[in-house]
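> Provide a 3D model corresponding to the input given below.
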Amino acid sequence: MMNRRLFLSTASALLLMLSAGRIATAAEDIVPGFATAAGAGVPVLIHVTAPWCEVCQAQKPVVAKLVGNGDFAKMKKFDVDFDSQKDVLKKLRVQSQSTMVLFKNGKEIDRSVGVSDPVEIEAFLRKAL
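As a prediction, the model looks like this:
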């Protein structure tokens, strides 16, 4: 019985810490303009790229074609440079370039790493609509 109580109290504390971290991340301005966009209720994409990354260069035109147009007209995109914006990478817990982090109502709902197929990118972005 004692082990069960210890497990439940430890698990509860861990869940509270994790959810507190998520809430803090969603509420802060991860990049300039993020909090405003998230507060307006628009879907948000944070795209982490590097100029030397071939996958990133393949992703950019696909994302540019989708975001701001058609079904994604209200989606807001923020670009983060993998080499120079380490503070943002830390906030987002991103460890790789070519990462796309998707937010809905200010909360992270999914992330994608290394995907450059246009159909897969579009399906990924649709999750925020």
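
> so where is this structure shaky, pLDDT-wise?
Within the chain, the stretches with pLDDT under 70 are 1-28.

> Could you rerun that using 50?
Along the chain, the model assigns pLDDT under 50 to residues 2, 6-7, 11, 13-27.

> partner residues bridging the residue positioned nearest the centre of it?
Centroid-nearest residue in the chain, with C-alpha atoms, centre = their mean: Val101, separated by 2.2 Å. Legend: beta-bridge partners of Val101 under DSSP bridges are Ile46, Arg111.

> how about it, what does it touch?
For Val101, the contacting residues are 45-46, 48, 92, 94, 108, 110-111, by C-beta atoms under 8 Å, 6 or more residues apart in numbering. (Each C-beta comes from the backbone N, C-alpha and C, glycine too.)

> which residues in the protein form helices?
Listed in chain order, the helices of the chain (DSSP state H) span 2-27, 34-39, 54-66, 86-92, 118-126.

> Could you identify the most distant pair in the contacts of Val101?
Val48 and Asp110 (14.2 Å; C-beta to C-beta).

> So between these two, which is more surrounded?
In terms of neighbours (other C-beta atoms under 10 Å), Val48 is the more surrounded of Val48 and Asp110; the figures are 25 against 13.
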